[in-house]
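Q: Structural data only, the sequence is not supplied:
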């Protein structure tokens, strides 16, 4: 029988879809992660994911994103000797599943390279697992890092 992960520690924050609020969320994540015993390297990885996700909500979420708060939750879980931190972000912006977004083609040369478009790939490289669901007119994005 497989053990079900149980959240051992949780912290929550609610912010507006605003760039100034994303800086507040970064400070909250650092303090909350430390309080929950999340290793520094894992907090940094989650911070990179959160920063990109929140920037995308602010830039591309549309009126729905600005009309409702963004809910952020950090959970610490343990199972079979492995620990994990899960960062959940829920917003009311336009539906978008980053787990289904195609990987951008690598440019053949520096001259062919264009700025932007690599945020999702960056999130994939920092998180050990990414999950997405759309329920009750909200996006639910989860990033997991393990140690």
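A: Done, it's in. In this text the structure is predicted, and so the values were computed from the model without any measurement.

Q: which residues of this protein fall in helices?
A: Counting by DSSP state H, the chain has helices at residues 19-35, 40-60, 62-67, 119-126.

Q: any chance of these in TSV, plus distance to residue 145, mean pLDDT and mean neighbour count?
A: For glycine as for every other residue, the C-beta is placed from the backbone atoms N, C-alpha and C. Output for these, formatted as TSV (distance: least, CB to CB, whole Å; pLDDT from 0 to 100; neighbours: other CB atoms under 10 Å):
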stretch	distance to residue 145	mean pLDDT	mean neighbour count
helix 19-35	10	95	15
helix 40-60	4	97	19
helix 62-67	25	95	15
helix 119-126	8	94	16
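
Q: Same list (those) but as TSV, adding distance to residue 13.
A: As requested, these are exported to TSV (distance: least, CB to CB, whole Å):
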stretch	distance to residue 13
helix 19-35	5
helix 40-60	10
helix 62-67	16
helix 119-126	19
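
Q: for these, which one sits closest to residue 104?
A: Of all those, helix 119-126 sits nearest to residue 104, with 6.7 Å by CB to CB.

Q: thinking again about what came up before, and the helices of the chain: which comes nearest residue 141?
A: helix 40-60 (5.8 Å).

Q: Packing partners of the closest one?
A: Applying 3 or more CB pairs under 8 Å, 6 or more residues apart in numbering; DSSP states H and E, one finds that helix 40-60 makes contact with helix 19-35, strand 70-79, strand 82-91, helix 119-126, strand 138-146.

Q: Now do it against helix 119-126, angle only.
A: Orientation of helix 40-60 against helix 119-126 (axes from the mean of the first three to the mean of the last three CA atoms, to 10 degrees) gives an angle of 160 degrees.

Q: what's the closest non-adjacent residue to residue 54?
A: Excluding the flanking residues, the one nearest residue 54 by CB to CB, 6 or more residues apart in numbering is residue 22, at 4.4 Å.

Q: Please report phi then psi for residue 113.
A: The phi and psi values for residue 113, taken as degrees, to the nearest 10, are phi -70, psi 140.

Q: ok, the residue most central in space within the chain to residue 60 distance?
A: Nearest to the geometric centre of the chain sits residue 50, at 4.0 Å (CA atoms, centre = their mean). Distance, residue 50 to residue 60, using CB to CB, to the nearest Å: 16 Å.
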